[in-house]
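Engineer: give me a model of this one.
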Amino acid sequence: MRVGIGYNQKCDSVLAGRLAAEQAVGQSGEPAITFLFTTENYAQELVLQAVKEVIGKSKLVGLCTPGIITRDGVLEKGVGVCTISDSEMQVATCLQENVNLSSWESGEEAGRKLRASGIDSGTVFVFPDGFATNISDLIKGMYNALGPNFTYIGGGTGDNLKFFKTYQFTEQGVSSNALAAALVKGISFQIGIGHGWKPVGQPMVITKASGKKVYEIDGRPAFEVYSECLGGIDKESFPSYGMKYPLGIPAVGGYFLIRDPLKVEEDNSIVFVTEVPQNTVVTLMEGTVENLITTAGEVASIAVSGLASPEIIFLFDCVSRYLLMGKEFEQELKEVMNVVGPEVPMIGMLSFGEVGTFSGIPFFHNKTIIVAVGR
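Structural biologist: Next up, the predicted model:
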């Protein structure tokens, strides 16, 4: 297996796409699969077409992200390309559109399309529209169609926090409100997942919720309860507190799935980045930048554990961690790089939610870092 990584920050969409792809293909040779990461500053169709002209018959999966993660930091404007060549590799891609219409059924349909390739094991790369509704159901539907013989990794696509429009693409074209997915056999991935947030206070119950909006916690207006948990805060202070104090849903093994609060509505309901189902038990979570950084190193250690010669690293890191850490995000990247070593090709993205297999089942995470190491 040969891996190529290319980045370019030229303003011209065609030029940036072509140069990034040429850099990657120059290292890997003719690829079996191409991963394309862009930021919103470009005409996505033009970037895709330019890359396709370089990669030939390669399958492709890609997305728009708030930032492309490199070994040298985050590119808030740029095009990133990862190409992998291997004559024995099997690849299938799917661009499932209109996923908001019926999330579970859309996930199942995408899973059936991938399964129709005849590939019976491997890794599923999952890149849903990060602003879509019921992404958890979308992933569950895909899992229902594909089953447990696959490792699921990826992240929600996004823009630069305008919350306006995101893009997903395969070699078939560019879409929005879609799921771009790739099934790859021939690379074995080992993943580490973690976030560094710790529970504080007593468990609570989401007693009224719809979609991404939580109306009541323990039978009372959601913001009133949330405010009391923090000693009394006002709505103007909520954005800063919400970033530091998410909610956690208890999962297996003492792990918590994080759910990220986004804004308070006039009726004292709270809108979250991801759905929090009604009747779910939740706990207020807290964390420090130091804990988040330490966790990144621990996650990377889990991902490389027992692997003698890793050949590719994918990093999916929540955009809210990036915003919270500011300049200290560089230290989180250093923690990961110190563990995985300086020689292994790496590419990643700032994500609106992260997709990762936990205890054999794929979940949609928030405020989480996922390191996937392949060989």
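Engineer: make it CA atoms for all contacts and neighbour counts henceforth
Structural biologist: Will do.
Engineer: distance of residue 9 from residue 78?
Structural biologist: Distance, residue 9 to residue 78, using CA to CA, to the nearest Å: 4 Å.
Engineer: got any residues that touch both of these two?
Structural biologist: Counting by CA atoms under 8 Å, 6 or more residues apart in numbering, the shared contacts of residue 9 and residue 78 are residue 16.
Engineer: ranges for the helices of the protein?
Structural biologist: In the chain, the helices defined using DSSP state H lie at 13-28, 44-55, 103-115, 135-146, 222-229, 238-244, 289-304, 319-325, 329-340.
Engineer: wait, which of the ones you listed is closest to residue 159?
Structural biologist: Comparison of the helices of the chain against residue 159 by CA to CA identifies helix 319-325 as nearest, at 10.3 Å.
Engineer: which residues are contacting that closest one?
Structural biologist: Defining contact as CA under 8 Å, 6+ apart, one finds that helix 319-325 is touched by 66, 243, 244, 289, 329, 350, 351, 352, 367, 368.
Engineer: which of these ranks first by neighbour count?
Structural biologist: Ranked by neighbour count (other CA atoms under 10 Å), those have residue 351 at the top, with 32 neighbours.
Engineer: wait, that one touches residue 159, no?
Structural biologist: No: taking contacts as CA atoms under 8 Å, residue 351 lies outside contact range of residue 159: 9.5 Å.
Engineer: overlap in contacts, these two.
Structural biologist: When contacts are counted by CA under 8 Å, 6+ apart, residue 351 and residue 159 have 65, 66 as shared neighbours.
Engineer: please name the bridge partners of residue 5.
Structural biologist: residue 82 (DSSP bridges).
Engineer: look up how far residue 138 lies from it.
Structural biologist: To residue 138, residue 5 is 30 Å away according to CA to CA.
Engineer: what of residue 340?
Structural biologist: Counting by CA to CA, the gap from residue 340 to residue 138 is 32 Å.
Engineer: between the two, who's got more neighbours?
Structural biologist: Neighbours were counted for residue 340 and for residue 138 using other CA under 10 Å; residue 138 has more, 26 against 22.
Engineer: shaky segments in the stretch 151-300 of the chain?
Structural biologist: Flagging of the stretch 151-300 of the chain using pLDDT under 70 yields the residue ranges 160-164.
Engineer: show me where it has strands.
Structural biologist: 168-170, 173-175, 178-185, 189-194, 198-210, 213-217, 220-221, 247-250, 256-259, 261-264, 270-272, 281-286 (DSSP state E, counting those that start in this stretch).
Engineer: ok, residue 273 - contacts?
Structural biologist: By CA under 8 Å, 6+ apart, the residues touching residue 273 are 131, 212, 259, 260, 261, 262, 352, 366.
Engineer: next one: residue 198
Structural biologist: By CA under 8 Å, 6+ apart, residue 198 lies in contact with 285, 286, 287.
Engineer: ok, residue 300 - how many residues close by?
Structural biologist: By the criterion of other CA under 10 Å, residue 300 has 27 neighbours.
Engineer: same question for residue 148.
Structural biologist: Using other CA under 10 Å, residue 148 has 14 other residues around it.
Engineer: now residue 216
Structural biologist: Neighbours of residue 216 under the rule other CA under 10 Å: 21.
Engineer: residue 261 versus that one, what's the distance?
Structural biologist: Counting by CA to CA, the separation of residue 216 from residue 261 is 14 Å.
Engineer: residue contacts, the spatially closest residue to residue 48 that is not a sequence neighbour?
Structural biologist: Spatial nearest neighbour of residue 48, excluding adjacent residues (CA to CA, 6 or more residues apart in numbering): residue 17 at 7.1 Å. Each residue near residue 17 by CA under 8 Å, 6+ apart is listed here: 8, 46, 47, 48, 50, 51, 79.
Engineer: thought the first one was touching residue 79?
Structural biologist: Yes: contact between residue 8 and residue 79 holds when scored by CA under 8 Å: they sit 5.4 Å apart.
Engineer: so which of those two has more stuff around it?
Structural biologist: Applying other CA under 10 Å to residue 8 and residue 79 shows that residue 79 carries more neighbours, namely 31 against 21.
Engineer: need the pLDDT of the nearest residue to that one once chain neighbours are set aside.
Structural biologist: Closest residue to residue 79 apart from its sequence neighbours, by CA to CA, 6+ apart: residue 38 at 4.6 Å. pLDDT for residue 38: 97.
Engineer: repeat that for residue 144.
Structural biologist: Residue 144 is given a pLDDT of 97.
Engineer: that one touches residue 108, doesn't it?
Structural biologist: Yes: in this structure residue 144 lies within contact range of residue 108 using CA under 8 Å: 6.5 Å.
Engineer: more crowded one of these two?
Structural biologist: The neighbour comparison of residue 144 against residue 108 (other CA under 10 Å) goes to residue 108, with 21 against 16.
Engineer: what's the burial count for residue 105?
Structural biologist: Neighbour tally, residue 105, other CA under 10 Å: 18.
Engineer: give the contact list for it.
Structural biologist: Contacts for residue 105 (CA under 8 Å, 6+ apart) come out as 138, 141.
Engineer: got the domain boundaries for this structure?
Structural biologist: Domains of the chain are assigned by automatic domain parsing as 2-193+292-374, 198-286.
Engineer: right, so those: which one is the most enclosed?
Structural biologist: By mean neighbour count, with neighbours taken as mean count of other CA atoms under 10 Å, domain 2-193+292-374 ranks first of these at a mean of 21.
Engineer: distance to residue 309 for the strands of the stretch 151-300 of the chain - can I get that in JSON lines?
Structural biologist: Converted to JSON lines, those look like this (distance: least, CA to CA, whole Å):
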{"stretch": "strand 168-170", "distance to residue 309": "29"}
{"stretch": "strand 173-175", "distance to residue 309": "35"}
{"stretch": "strand 178-185", "distance to residue 309": "18"}
{"stretch": "strand 189-194", "distance to residue 309": "12"}
{"stretch": "strand 198-210", "distance to residue 309": "33"}
{"stretch": "strand 213-217", "distance to residue 309": "45"}
{"stretch": "strand 220-221", "distance to residue 309": "53"}
{"stretch": "strand 247-250", "distance to residue 309": "35"}
{"stretch": "strand 256-259", "distance to residue 309": "31"}
{"stretch": "strand 261-264", "distance to residue 309": "40"}
{"stretch": "strand 270-272", "distance to residue 309": "40"}
{"stretch": "strand 281-286", "distance to residue 309": "36"}
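Engineer: perfect, that will be all.
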